[in-house]
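Asks: quick check, what structure comes out for this input:
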Amino acid sequence: MEYKFNFKISIQLNSVEETRAIYQALCPEFEEIHFERSHTEVFLNGGGDVIKINIAAQDRNAGRSTINMILRWVKIGAKTVRILNDTKIGGLR
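Replies: Here you go, the predicted model:
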């Protein structure tokens, strides 16, 4: 498959623990979901404090939709982690 467009995203959250939790939540999504018009790789940098995402897409619309989906997942995950940290249920602390 030929990919004409490449996108790179770097995401750094409030803490290493939060970044790793979001990364661990993202990984299964990309193992289970196969996109027809794009390919995505997700990994942590060496220090574990930045999520790196590489997206290769056949066209701009495929790239944009993949980016939007990933950013929504990150936003939901970060909100969930913050809610858990603020409650007595517990969180990453």
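Asks: show me what counts as buried in the helix or strand containing K75.
Replies: Secondary structure assignment for K75, by DSSP states H and E: helix 60-86. Of the residues in helix 60-86, A62, G63, T66, I67, I70, V74, G77, A78, V81, N85 count as buried by neighbour count, 16 or more other Cβ atoms under 10 Å. Any C-beta I mention is one placed from the backbone N, CA and C, and that applies to glycine too.
Asks: got CSV for those residues, with distance to V16 and pLDDT too?
Replies: Formatted as CSV, those follow (distance: Cβ to Cβ, whole Å; pLDDT from 0 to 100):
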residue, distance to V16, pLDDT
A62, 32, 94
G63, 29, 94
T66, 26, 92
I67, 24, 94
I70, 20, 93
V74, 15, 93
G77, 15, 90
A78, 14, 90
V81, 12, 86
N85, 14, 82
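Asks: and of those residues, the nearest to I11?
Replies: V74 (5.9 Å; Cβ to Cβ).
Asks: I'd say that closest one and Q12 touch.
Replies: No - if you go by Cβ atoms under 8 Å, V74 and Q12 don't touch, sitting 11.0 Å apart.
Asks: overlap in contacts, those two.
Replies: Counting by Cβ atoms under 8 Å, 6 or more residues apart in numbering, the contacts common to V74 and Q12 are I51.
Asks: quick check: V42 is in a strand.
Replies: Yes - under DSSP: H, G, I helix; E, B strand; the rest coil, V42 sits within a strand.
Asks: thanks a lot, see you next time.
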